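Chemist: generate coordinates for the sequence data below:
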Amino acid sequence: MAVSASTDTESWYSRGLSQIYDSLDANSDGLSTEEAESRRSDYGPNRLPKAKPVTVWQIFLRQFKNPLIYILAIAAIVSFAIGDETDAGFIAVVLLVNTLVGGIQEWRAERSS
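Modeler: Here you go, the predicted model:
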């Protein structure tokens with residue numbers, strides 16, 4: 001038995017409960033053990049694929065995907081080009097601190113999920 005919502009003209013949310021049970025060969029108690037085993041062998045286990053873990057370098061590089069970071073980097077380069085090394089250094093330190101703080105927060109969030 002193939003269950004496919006795409007071939008039906010009526011949306012699942014607008015159906016009655018008995019129609020849904022009939023479409024899925026189920027009842028209010030769920031699938032029978034035999035039917036569940038049959039579907040598991042046909043379609044595989046009902047699991048989400050595991051995501052590949054994110055590396056520290058990927059997290060670090062993601063911190064630079066921000067237009068404001070681009071503007072600050074350009075400002076640092078321009079400051080250095082016009083001979084204002086103090087401002088260029090300060091902007092570079094701000095970029096580094098921002099990257100470290102953002103990277104640490106993202107790394108902790110990745111570990112917690």
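Chemist: do I have it right that residue 25 meets residue 35?
Modeler: Yes - contact criterion Cβ atoms under 8 Å: residue 25 and residue 35 qualify, at 6.2 Å. Yep, even glycine has a C-beta here, placed from its N, CA and C like the rest.
Chemist: for this protein, which helix is longest?
Modeler: If you go by DSSP state H, the chain has its longest helix at helix 85-112.
Chemist: next, the distance between the ends of stretch 50-58.
Modeler: 18 Å (Cα to Cα, to the nearest Å).
Chemist: in three-state terms, label the one residue sitting closest to the centre of the chain for me.
Modeler: Geometric centre of the chain, nearest residue: residue 51, 9.0 Å, by Cα atoms, centre = their mean. Following DSSP: H, G, I helix; E, B strand; the rest coil, we place residue 51 in the coil state.
Chemist: most distant residue from the middle of the chain?
Modeler: The chain, farthest from centre, Cα atoms, centre = their mean: residue 83 at 42.9 Å.
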